[in-house]
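# What shape does this take:
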Amino acid sequence: MEIPLIKDKDGYILKVSVKTGSKKAGIEGIDEDIIRIRVRSQPHDGAANIELLEILSEFLKEPKSKMEIIKGLTSKNKFIRIKRK
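This next block holds a predicted model:
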């Protein structure tokens, strides 16, 4: 599974689509340039965003501290920056 990364001046950007309230959490698949991810949490008080970053951190083997949601904080479609070391 190849991860679609967009390089920018501060690191890399991922486009993700999140489905909340799933029975099973994890990477569902990749469609062209979008990673589809399922989370168990509901989108209340940022719980789904926190779980999303935890899943990506584990999958990409990068610390959560290097990841930030730069667009789509309250949307199912998000842009996430992975900062360079």
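# Could you list the low-pLDDT ranges of the protein?
By pLDDT under 70, the weakly predicted segments of the chain are 1, 85.
# change it to 90
1-6, 8, 10, 31-33, 43, 84-85 (pLDDT under 90).
# would you list every one of the strands in the chain?
For the chain, applying DSSP state E gives strands covering 6-8, 11-19, 26-31, 34-38, 67-71, 77-83.
# mind exporting the third one as PDB, just the C-alpha atoms?
Right, the one you point to is strand 26-31. What follows is strand 26-31 as a C-alpha-only set of coordinates in PDB (Å, rounded to 0.1, in the frame of the first residue of the first chain):
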ATOM      1  CA  GLY A  26      -7.900   1.500  11.300                       C
ATOM      2  CA  ILE A  27      -6.900   2.200   7.800                       C
ATOM      3  CA  GLU A  28      -9.700   1.200   5.500                       C
ATOM      4  CA  GLY A  29      -7.900   1.800   2.200                       C
ATOM      5  CA  ILE A  30      -6.400   4.300  -0.200                       C
ATOM      6  CA  ASP A  31      -8.300   5.900  -3.100                       C
END
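# Work out the gap between that strand and the centre of the chain.
10 Å (CA atoms, centre = their mean, to the nearest Å).
# Mind listing what's buried along that strand?
Residues residue 27 are the ones in strand 26-31 that count as buried (16 or more other CB atoms under 10 Å). Bear in mind the C-beta positions are built from the backbone N, C-alpha and C, glycine included.
# quick one: strands adjacent to it?
Strand pairing for strand 26-31, using DSSP bridges, gives strand 34-38 (antiparallel).
# which ones are touching the residue nearest to residue 7 when sequence neighbours are not counted?
Computed as CB to CB, 6 or more residues apart in numbering, the closest residue to residue 7 that is not its neighbour in sequence is residue 13, at 7.9 Å. Counting by CB atoms under 8 Å, 6 or more residues apart in numbering, residue 13 touches 5, 6, 7, 70, 79, 80, 81, 82.
# how close does residue 13 sit to residue 24?
With distances taken as CB to CB, to the nearest Å, residue 13 is found 26 Å from residue 24.
# just the buried members of the contacts of residue 13?
Buried subset of the contacts of residue 13 (neighbour count, 16+ other CB under 10 Å): 80, 81, 82.
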